[in-house]
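Chemist: I would like the atomic coordinates for the input below:
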Amino acid sequence: MNQKSLDFWFDHGSVKLWHDYQIIDVDGSTLRLPNTEDILDCYDPNKDSKGNPQGPPLARLNLLYDPLNQLCLSAKLDNLRVSELNQLVDQNWFWKSGQLVIADRHYDAFWLFAWLLERKVDFCIRLKKDQRRQVIKDFLMEGCSEKIVTVTPGRGARKKCRLHSVATDPITLRLIRVQLPSGEIEILATSVLDQKKIKFTDFGDLYHLRWPIEEKIKQLKFRVNIENWTGKSPFTVLQDVYAKLFGCNLMVWMANGLETEIEERSEKRSYDCQINWAHALSSFNRFLPRLFFGRALHTNLNRLHDLFMKCLSPIRPNRKYDRKHKSHKREFFMCYKFCC
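Modeler: Modelled structure (predicted):
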């Protein structure tokens with residue numbers, strides 16, 4: 001259902017692109033599962049540093065997300081023994097030219113670059129600065145803003161290429177240096193070699209488009225409560241994950257036609273506005289059964305529209321806060337409590 005809805009949307013909807021590219025974020029996270037025998041047959045238990053079982057079993061979630069259109073494209077749920085890179089290539093998604101994948105340094109792998117290039121999919125992936133590739137060290141030493149380099153796979157990279165049936169030929173990449181306001185240097189690798197089509201100054205904003213998938217995963221965990229399972233079987237776990245992703249997409253599609261009205265209201269305010277997604281999600285969950293099983297469909301859609309427009313949030317640009325890394329974890333947070 002989600003795939004058919006996405007196909008219809010990309011064929012007939014007002015799709016947002018970046019330099020004629022469909023942006024696709026990829027990232028992974030873990031989900032806590034019910035601690036039952038059926039679940040443990042499919043997913044490994046969480047273990048401490050000594051290898052002893054500790055806490056509930058965990059599953060690795062890999063998500064493909066369109067940050068411009070705010071849509072969940074595809075998802076894969078596997079055992080923790082399956083890496084995020086293998087989950088990406090096993091995604092049930094149609095890869096084609098015109099797509100641009102954005103990923104963090106966990107996806108820095110020669111065989112993955114080659115795999116994407118074979119499918120004519122472009123990418124912008126952050127590189128690990130402490131790696132042993134000589135071309136990366138030379139680029140850091142030279143201090144230039146961008147450089148087109150040829151990367152030859154080493155023995156380990158060739159082995160992984162053969163494992164995934166990928167050619168081991170050298171590939172050409174464009175390296176981009178991005179300096180953050182904090183002074184930290186990021187190195188990005190992209191397959192977009194045309195320096196006139198996309199300037200190196202645009203890649204900082206492009207890589208910043210990876211942040212929405214972090215917010216989406218946070219929304220799924222704390223607003224949607226994706227870990228609040230309706231059953232204790234592996235099938236129920238998969239059913240809950242895909243049903244909630246489909247529900248999030250339905251909410252986005254219903255809110256899509258409100259942009260013009262929101263812009264008109266923003267003209268009278270100090271800041272531009274956007275939909276308050278926490279309030280919209282709470283309202284949508286209450287109306288979802290009525291949309292599928294109720295009779296007064298148009299009446300419920302109009303009421304949902306009024307609720308979306310009733311609570312708008314101002315967009316305050318350039319707001320940044322220091323990330324606080326806490327040693328303890330909590331299941332629920334007061335700042336992510338349910339909206340009324």
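Chemist: Could you use CA atoms for every contact and neighbour count after this?
Modeler: OK.
Chemist: Buried ones in stretch 202-214, by neighbour count?
Modeler: Across stretch 202-214, burial judged by 16 or more other CA atoms under 10 Å covers 203, 204, 207, 209, 210, 212, 213, 214.
Chemist: which residues in this protein form strands?
Modeler: With DSSP state E, the ranges of strands along the chain come out as 22-32, 45-47, 53-66, 71-78, 99-103, 122-126, 146-151, 171-179, 185-190, 273-275, 312-314.
Chemist: what about the third one, distance to the chain center?
Modeler: Relative to the chain's own centre, strand 53-66 is displaced by 14 Å; criterion: CA atoms, centre = their mean, to the nearest Å.
Chemist: now the second one
Modeler: Here strand 45-47 is found 25 Å from its chain centre; the criterion is CA atoms, centre = their mean.
Chemist: if I look at residue 4, how far off is residue 222?
Modeler: For residue 4, the distance to residue 222 equals 27 Å [CA to CA, to the nearest Å].
Chemist: again, but for residue 214
Modeler: Plainly put, residue 214 is 12 Å away from residue 222 if you go by CA to CA.
Chemist: Same check on residue 305?
Modeler: 24 Å.
Chemist: what's the burial count for residue 315?
Modeler: Neighbourhood size, residue 315 [other CA atoms under 10 Å]: 14.
Chemist: distance of the residue nearest to residue 44 when sequence neighbours are not counted from residue 109?
Modeler: Spatial nearest neighbour of residue 44, excluding adjacent residues (CA to CA, 6 or more residues apart in numbering): residue 57 at 5.7 Å. Distance, residue 57 to residue 109, using CA to CA: 28 Å.
Chemist: got it, and residue 186?
Modeler: For residue 186, the distance to residue 109 - CA to CA - is 16 Å.
Chemist: Domains of the chain: list them as residue ranges, please.
Modeler: 2-210, 214-336 (automatic domain parsing).
Chemist: which residue packs closest to residue 175, ignoring adjacent ones?
Modeler: Nearest in space to residue 175, with sequence neighbours left out and distances taken as CA to CA, 6+ apart, is residue 189 at 4.8 Å.
Chemist: neighbours of the one you found, just the number please.
Modeler: Count around residue 189 with other CA under 10 Å applied: 23.
Chemist: which ones are touching it?
Modeler: By CA atoms under 8 Å, 6 or more residues apart in numbering, residue 189 lies in contact with 123, 124, 125, 126, 127, 173, 174, 175, 176.
Chemist: if I read this right, the last one contacts residue 149, doesn't it?
Modeler: Spelled out, that is residue 176. No - in this structure, residue 176 is not within contact of residue 149 by CA atoms under 8 Å, at 10.9 Å.
Chemist: neighbour-wise, which of those two wins?
Modeler: Using other CA under 10 Å as the criterion, residue 176 and residue 149 rank with residue 176 on top: 25 against 15.
Chemist: Which residue lies closest in space to that one, excluding its sequence neighbours?
Modeler: residue 146 (4.6 Å).
Chemist: which residues does the closest residue to residue 242 other than its chain neighbours bridge with?
Modeler: Using CA to CA, 6+ apart and skipping residues adjacent in sequence, the residue nearest residue 242 is residue 75, 7.7 Å away. Applying DSSP bridges to residue 75 gives these bridge partners: residue 63.
Chemist: how many other residues sit next to residue 75?
Modeler: Counted with other CA under 10 Å, residue 75 comes out at 21.
Chemist: which residues does it contact?
Modeler: Residue 75 touches 61, 62, 63, 64, 91, 92, 242, counting by CA under 8 Å, 6+ apart.
Chemist: do that again at 10 Å, thanks
Modeler: 26, 28, 61-65, 87-88, 90-93, 241-242, 245 (CA atoms under 10 Å, 6 or more residues apart in numbering).
Chemist: Return the distance of it relative to residue 61.
Modeler: 7 Å.
Chemist: same check, this time on residue 176
Modeler: 29 Å.
Chemist: Quick one: the helices in the chain, in order.
Modeler: Secondary structure of the chain by DSSP state H: the helices cover 2-12, 37-42, 84-89, 110-118, 134-142, 155-163, 203-208, 211-218, 234-255, 259-266, 277-293, 297-310.
Chemist: Tell me which of those sits nearest to residue 182.
Modeler: Closest approach to residue 182 among the helices of the chain is made by helix 203-208 (13.7 Å; CA to CA).
Chemist: which helices and strands does the closest one pack with?
Modeler: Other helices and strands packing on helix 203-208, by 3 or more CA pairs under 10 Å, 6 or more residues apart in numbering; DSSP states H and E, are strand 99-103, strand 122-126, strand 171-179, strand 185-190.
Chemist: Let me know which of those strands is the nearest to residue 270.
Modeler: Closest approach to residue 270 among the helices and strands packed on helix 203-208 (CA to CA): strand 171-179, 30.5 Å.
Chemist: what are the pairing partners of that closest one, and which direction each?
Modeler: Short version: by DSSP bridges, strand 171-179 pairs with strand 146-151 (antiparallel), strand 185-190 (antiparallel).
Chemist: so residue 259 touches residue 275, yeah?
Modeler: Yes - with contacts counted by CA atoms under 10 Å, residue 259 reaches residue 275, the gap being 9.1 Å.
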